[in-house]
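Novice: dropping a prediction and its sequence here:
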Amino acid sequence: MRELNFISTGKLEWIERNDPALITGDDAIVRPIVVGRCDGDALPIHHRVSRAMQAGLKTGVIDAAVGSICGPVPFQGPFAIGHEAIAEVVETGPYVKNLRVGDQVVVPWSVSCGRCETCRRGLTSKCTTARDGRTIAAFGFGPASGHYGGMISDLFRVPFADHMLVPLPVGLGPLRVAAASDNLSDGWRTVVPQLRARPGAKVLVLGGGGKSIGLYAAGLAVAHGASKVDYVDTSHRRLDVAHSLGADAHQRTGKAASPGAGYDIVVEASSTGAGIRSAIRATAPGGICTAIGYYFGTNTGIPLMHMYANDITLHLGVSHPRAVLPELLDWVHANNFPAEKVTSHLAAFDDAPTAYAEHATKLVLHRPALSGN
């Protein structure tokens, strides 16, 4: 079978591997039919960061957590890439009871057992069993995060299959929720629980680094009844998408990262130190700011005293898609939420080596299902 590998910046190749086999009775083998490119994958693909990040780790300029996730030389190829997929089940182990061959399922980016204490608390990306001492256990990040491979493969093995694999609701097209494994779920967690706790809140999204996550967050905030949703970015294309999803789109110019202050809910998706500082200062007293970006540096200059004086909550951490996927998928289907508007590029699965390296807000690969569904 073929497995797409990141070789170096701008270079991806199919590598021939043996077909995966069931290792335990809880496993399943799946065949991806839709694969979205996570916002984070664009970093090593488009920027030569590996050696610079290695030097930063050695000097303490870059946080050591980066090495624990991506290895001592972060993003050093070759490694299997891709961690956002809708797949069809092609084989199950004897202990898998809730899945059948041909089922179309979402595969979360992080591996979890569903039984340990952290999983039961909803912190599925910090599963004690799957991590086995690692910082995370995940597809597509390289061996430092486990030997699970990547999702841009003809086939791959999924452990804890009954828990991990979330079936698509009947009638929900996989292209609509291409990013459910990661970026769509990430956008969900930044605004939906907060708006349920504070209906009609005022929302700000700073876009840019998390190219698709910020757009999903803005659209979901509008759809969940925010009284106002402001979206800020430098990209005209993303501003147009935000507007089409019902947000008020603002072109970022100069240092003006925010159109104002006093937002009850703020999503920091610029993935910059300046962005997180601006996001916090735009948050209203008693508000909550969720930062979804990668902040590699050890000195981000977060204004702690300002947060203290204004009782601001900053939420920063990996997303836990398995905990929200059943509700998210049902809601998208029931409300006909057009998440596919965020997709900027569609490409054939066979064209992955060139397509996955394109500059795009949201790249999605697809191919027909064997079952014909």
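Specialist: That came through fine.
Novice: next up, the contacts around residue 53.
Specialist: 62, 66, 70, 73, 74, 75, 296 (Cβ atoms under 8 Å, 6 or more residues apart in numbering). Every C-beta, even on glycine, is put in place using the N, C-alpha and C of the backbone.
Novice: looking at those residues, which is nearest residue 226?
Specialist: Top of the list for closeness to residue 226, among these and by Cβ to Cβ, is residue 296 at 30.8 Å.
Novice: just the buried ones from the contacts of residue 53, in PyMOL syntax?
Specialist: Selection of the buried residues among these in PyMOL, burial being defined by 16 or more other Cβ atoms under 10 Å:
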select buried, resi 62+66+70+73+74+75+296
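Novice: and the contacts of residue 53, which two are furthest apart?
Specialist: Spanning the widest gap among those are 73 and 296, at 14.3 Å by Cβ to Cβ.
Novice: low pLDDT regions in this protein?
Specialist: Along the chain, the model assigns pLDDT under 70 to residues 254-257, 372-373.
Novice: would you list every one of the helices in it?
Specialist: 42-46, 50-59, 65-70, 117-120, 128-131, 161-164, 183-197, 211-223, 236-244, 273-282, 304-310, 321-335, 352-355 (DSSP state H).
Novice: what about residue 118, how many neighbours?
Specialist: For residue 118, the neighbour count with other Cβ atoms under 10 Å is 18.
Novice: turn the helices of the chain into JSON lines, including distance to residue 362.
Specialist: Output for the helices of the chain, formatted as JSON lines (distance: least, Cβ to Cβ, whole Å):
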{"stretch": "helix 42-46", "distance to residue 362": "10"}
{"stretch": "helix 50-59", "distance to residue 362": "24"}
{"stretch": "helix 65-70", "distance to residue 362": "22"}
{"stretch": "helix 117-120", "distance to residue 362": "29"}
{"stretch": "helix 128-131", "distance to residue 362": "27"}
{"stretch": "helix 161-164", "distance to residue 362": "24"}
{"stretch": "helix 183-197", "distance to residue 362": "8"}
{"stretch": "helix 211-223", "distance to residue 362": "4"}
{"stretch": "helix 236-244", "distance to residue 362": "9"}
{"stretch": "helix 273-282", "distance to residue 362": "20"}
{"stretch": "helix 304-310", "distance to residue 362": "32"}
{"stretch": "helix 321-335", "distance to residue 362": "16"}
{"stretch": "helix 352-355", "distance to residue 362": "12"}
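Novice: residue at max distance from the center of this protein?
Specialist: Largest separation from the mean C-alpha position in the chain: residue 309, at 32.2 Å (Cα atoms, centre = their mean).
Novice: mind listing what it touches?
Specialist: Residue 309 touches nothing, counting by Cβ under 8 Å, 6+ apart.
Novice: ok, it to residue 99 distance?
Specialist: Per Cβ to Cβ, to the nearest Å, residue 309 is found 51 Å from residue 99.
Novice: sorry, back to before: make TSV from the contacts of residue 53 and add distance to residue 50 to it.
Specialist: Formatted as TSV, the contacts of residue 53 follow (distance: Cβ to Cβ, whole Å):
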residue	distance to residue 50
62	12
66	11
70	9
73	6
74	6
75	5
296	13
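Novice: tell me the one of the contacts of residue 53 nearest residue 233?
Specialist: The closest of the contacts of residue 53 to residue 233 turns out to be residue 296 (Cβ to Cβ; 21.2 Å).
Novice: that closest one reaches residue 52, doesn't it?
Specialist: No. Residue 296 is not in contact with residue 52 according to Cβ atoms under 8 Å; the separation is 10.1 Å.
Novice: need the winner for burial among the helices of the chain.
Specialist: For these, average neighbour numbers computed from mean count of other Cβ atoms under 10 Å are highest in helix 211-223, which has a mean of 29.
Novice: that one - contacts with which helices or strands?
Specialist: helix 183-197, strand 202-206, strand 228-233, helix 236-244, strand 263-268 (3 or more Cβ pairs under 8 Å, 6 or more residues apart in numbering; DSSP states H and E).
Novice: one more time with 10 Å, if that's ok
Specialist: Here helix 211-223 touches helix 183-197, strand 202-206, strand 228-233, helix 236-244, strand 248-251, strand 263-268, helix 321-335, going by 3 or more Cβ pairs under 10 Å, 6 or more residues apart in numbering; DSSP states H and E.
Novice: of all the helices of the chain, which lies closest to residue 172?
Specialist: Nearest to residue 172, of all the helices of the chain, is helix 321-335, at 4.3 Å by Cβ to Cβ.
Novice: so how far is the closest one off the chain centroid?
Specialist: Once both centres are worked out by Cα atoms, centre = their mean, to the nearest Å, helix 321-335 turns out to sit 15 Å from its chain's centre.
Novice: tell me the angle of that helix relative to helix 211-223?
Specialist: Counting by axes from the mean of the first three to the mean of the last three Cα atoms, to 10 degrees, helix 321-335 lies at 50 degrees to helix 211-223.
Novice: begin at 33 from here
Specialist: With 33 as the first residue, the last one maps to helix 353-367.
Novice: helices or strands next to helix 353-367 in the packing?
Specialist: Using 3+ Cβ pairs under 10 Å, 6+ apart, the elements in contact with helix 353-367 are strand 136-139, helix 149-152, helix 193-196, strand 198-199, helix 215-229, helix 243-255.
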